[in-house]
Every structure is written in structure tokens, then in C-alpha cells.
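Undergrad: sequence unknown, structure follows:
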Ligand SMILES: [Zn+2]
């Protein structure tokens with residue numbers, strides 16, 4: 001049934017230019033205090049220091065917090081006690097680290113822990129070993145953290161949540177209106193949200209599992225090899 005649901009979500013998302021929610025039942029536990037942390041293992045084994053991960057997280061936080069009409073205020077939380085391989089993710093955390101994913105063409109994966117209102121972002125070690133590119137790393141991480149707060153892919157090419165060609169050669173200098181709309185929809189500032197909800201054209205995909213999986217493929221390499229392709233599967237991390 002999940003594959004059918006995802007198929008429907010894909011078809012629908014191709015026909016809309018608005019943001020998409022993967023799982024209507026998922027959101028961060030508390031958007032005012034949610035922390036983005038480096039996972040216990042980080043990316044040290046891949047030659048990427050914690051300070052470089054922190055730089056990416058800080059960039060992503062500044063990007064996603066730049067929505068005055070939303071109460072989302074992510075904060076950097078240092079190194080988490082949790083590993084990417086732990087069965088549960090601590091409440092209200094998005095943890096970021098590196099690990100092995102099934103293909104070098106997969107850049108990263110985000111997994112929700114719906115019950116804890118938390119998420120984990122796994123950057124694929126195969127992609128970053130030996131070919132580290134800071135903009136690719138930060139752009140992909142920001143996109144993945146967008147999944148971590150509850151957004152899925154957008155058909156708007158200006159959105160950092162786009163699944164279309166996106167080389168991340170230059171990081172976006174500001175957050176797109178589509179990304180802002182998604183953040184406001186998920187975490188409205190109650191005083192300014194009035195009247196917004198009724199006009200929103202988002203699509204909420206259906207996902208019945210406690211954990212949702214989003215696997216990224218080729219986002220950083222689309223502009224290089226000229227192929228527009230996204231692989232999305234329900235796969236466990238290990
Ligand atoms: Zn994605």
C-alpha cells in the first residue's frame with residue numbers, strides 16, 4: 001500500500017508547483033525549541049570535521065528560520081547523544097551525520113520519527129569521500145533538513161526542495177516563497193497565519209508507517225550529467 005500511496009504522491013506533485021508534505025501526521029515536536037545536532041558519529045570517518053557539519057547546519061538553520069510568519073526557530077545543538085543507527089531519535093531533534101547508503105548516486109536520506117517529532121539526516125559517505133564539495137554538502141543538507149521539518153519535494157525550481165535539476169553550484173541567497181509557504185503551513189505564527197490556511201494549495205501525501213524514508217538521488221549531480229532522475233524508495237537505513 002505504501003508504494004501506491006507514494007505513486008499517487010509523485011503523480012500529484014508533478015502537477016503542482018506548490019510544496020508537498022510527505023506525511024501529514026509528522027511535524028517537529030516543538031518548532032520553537034527544536035534542535036539540529038550532529039549525530040554521535042558525525043562524518044569524521046569520511047574526513048569531514050564536526051566544524052564543517054556545524055557550518056552546514058548553521059547555514060540551513062539561517063535559511064529555514066527566515067520566515068517571520070512562522071514560529072519555526074531551529075537552533076544548533078552541538079553533538080547529539082544519538083547515533084544515526086539508534087532505533088529512536090531523541091524528541092524534537094534533527095540529527096545529521098554520514099553513513100553508508102545503497103548507491104553512490106544517492107546523496108542523502110532523511111527519516112522521520114513521527115512519535116518523537118524528530119528526524120535523522122544521513123549524508124551518503126560514498127558521495128563525500130574523496131570528492132567533498134562544500135556547496136553540494138550544504139545545499140543537500142539544507143534540502144534534507146527541509147525534509148526533517150516535514151516538507152517533501154516541490155515542483156517549483158526556485159525551491160530548495162525541488163527534485164528537478166539543481167547543481168548547488170551557488171547556494172540560494174534567499175528562501176523561496178514556496179519554501180516559506182511550506183514552513184508557514186506547517187508551523188504558523190498564530191497571529192499572522194489567519195487567512196493563509198484556506199488559500200494554501202499544498203498536497204499532503206499519505207504515509208502510514210511510524211518512520212518515513214526519503215532517499216535522495218543525484219540531486220547534486222543532475223546539472224553535471226544532464227539527467228533528471230530521482231530515486232525514491234522505502235528503504236531502511238541498514
Ligand atoms: Zn529530497
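TA: Received the coordinates, thanks. These numbers come from a predicted model, not from an experiment. Numbers count the residues shown, from 1 in each chain.
Undergrad: check contacts around residue 19.
TA: For residue 19, the contacting residues are 151, 152, 154, 156, 159, 161, 178, 179, 181, 182, 185, 202, by CB atoms under 8 Å, 6 or more residues apart in numbering. Placement of C-beta: from N, CA and C, glycine included.
Undergrad: Filter these down to just the ones in helices.
TA: Per DSSP state H, helices hold the following members of those: 178, 179, 181, 182, 185.
Undergrad: what about burial for those residues, which qualify?
TA: Of the members of those, the ones counted as buried by neighbours, 16 or more other CB atoms under 10 Å, are 178, 179, 181, 182, 185.
Undergrad: what packs against the helix or strand harbouring residue 148?
TA: Here residue 148, judged by DSSP states H and E, is contained in helix 134-149. Applying 3 or more CB pairs under 8 Å, 6 or more residues apart in numbering; DSSP states H and E, we find helix 134-149 packed against helix 50-64, strand 93-99, strand 106-113, strand 118-124, helix 177-186, strand 211-217.
Undergrad: let's go with 7 Å and repeat that
TA: helix 50-64, strand 93-99, strand 106-113, strand 118-124 (3 or more CB pairs under 7 Å, 6 or more residues apart in numbering; DSSP states H and E).
Undergrad: Which of those has the lowest mean pLDDT?
TA: Among the helices and strands packed on helix 134-149, strand 106-113 has the lowest mean pLDDT, at a mean of 89.
Undergrad: From the contact counts, what lies against that one?
TA: Judged by 3+ CB pairs under 7 Å, 6+ apart, strand 106-113 is in contact with strand 118-124, helix 134-149, strand 211-217.
Undergrad: Next, the angle from that strand to strand 118-124.
TA: For strand 106-113 against strand 118-124, the angle by axes from the mean of the first three to the mean of the last three CA atoms, to 10 degrees is 160 degrees.
Undergrad: for stretch 107-124, how far is the first residue from the last?
TA: This stretch, stretch 107-124, spans 5 Å end to end (CA to CA, to the nearest Å).
Undergrad: Name the residues of it that are buried.
TA: Neighbour counts over stretch 107-124 (16+ other CB under 10 Å) mark 107-114, 116-124 as buried.
Undergrad: same check, this time on stretch 59-73
TA: Buried positions in stretch 59-73, judged by neighbour count with 16+ other CB under 10 Å: 59, 60, 61, 63, 64, 65, 67, 69, 70, 71, 72.
Undergrad: of these, closest to residue 99?
TA: residue 60 (18.4 Å; CB to CB).
Undergrad: which non-adjacent residue is nearest residue 35?
TA: Distance criterion CB to CB, 6 or more residues apart in numbering; nearest residue to residue 35, sequence neighbours excluded, is residue 77 at 3.2 Å.
Undergrad: A helix includes residue 171, no?
TA: No - read with DSSP: H, G, I helix; E, B strand; the rest coil, residue 171 is coil and lies in no helix.
Undergrad: That one - how many residues pack around it?
TA: Each residue near residue 171 was counted by other CB atoms under 10 Å, and the total is 14.
Undergrad: Enumerate every residue touching it.
TA: Shown in contact with residue 171 (CB atoms under 7 Å, 6 or more residues apart in numbering): 135, 138, 139.
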